[in-house]
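> Turn this into a structure:
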Amino acid sequence: MTVHDIKDKDGRVSAFEISNLLVSRRRVCRILQTIPGVRILRKPRFLSRLREDEFCEFEVSGQKFKAWEPWGDSSRFWIGPEPTQWCEQIAVVRDAFERHGFVGRA
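Numbers count the residues shown, from 1 in each chain. A predicted model of the protein is given here:
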């Protein structure tokens, strides 16, 4: 599976997307929990796929992030800081997904 980078006007990664074909919302949260010092603020609820586009909020070194599925039926999950902008913590979050089989840059 590939990581699809979303870059700002300066070419820096400000968020990324991953395919949700083989990964669930709950697995996204489990991957995030492998990041040292991460604090999960909100996890997916039972049947949240039917109700919520934004399914996970978390914090890394004081920076808030979210994971969501645009339009509720996208083929990708979007993961990035709130507000969407470059921050040094994005590399830590992105690296966690690379360690779990999401590779490359598209």
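
> Need phi/psi at the closest residue to Val28 other than its chain neighbours.
Once flanking residues are discounted, Val28 sits nearest to Ala67: 5.3 Å by CB to CB, 6 or more residues apart in numbering. Glycine gets a C-beta too; all of them are placed from N, C-alpha and C. Ala67 has phi and psi values of phi -120, psi 130 when expressed as degrees, to the nearest 10.

> quick one: low-confidence ranges for the chain?
Applying pLDDT under 70 to the chain flags residues 46-51, 72, 103-106.

> Check it for its longest helix and report it.
Longest helix in the chain, counting residues (DSSP state H): helix 89-99.

> buried set for that one?
Residues of helix 89-99 classed as buried by neighbour count (16 or more other CB atoms under 10 Å): 89-90, 92-94, 96-97.

> Quick check: Phe58 vs Ser75, distance?
Phe58 is 22 Å from Ser75, where distance means CB to CB, to the nearest Å.

> buried residues in stretch 63-72?
For stretch 63-72, by 16+ other CB under 10 Å, it's 63, 65-69.

> tell me the centre residue of this protein?
With distances taken as CA atoms, centre = their mean, Ile79 lies nearest the centre of the chain, 2.6 Å away.

> Just the buried positions in the host helix or strand of that residue, please.
Using DSSP states H and E, Ile79 sits within strand 76-81. Residues 77-81 are the ones in strand 76-81 that count as buried (16+ other CB under 10 Å).
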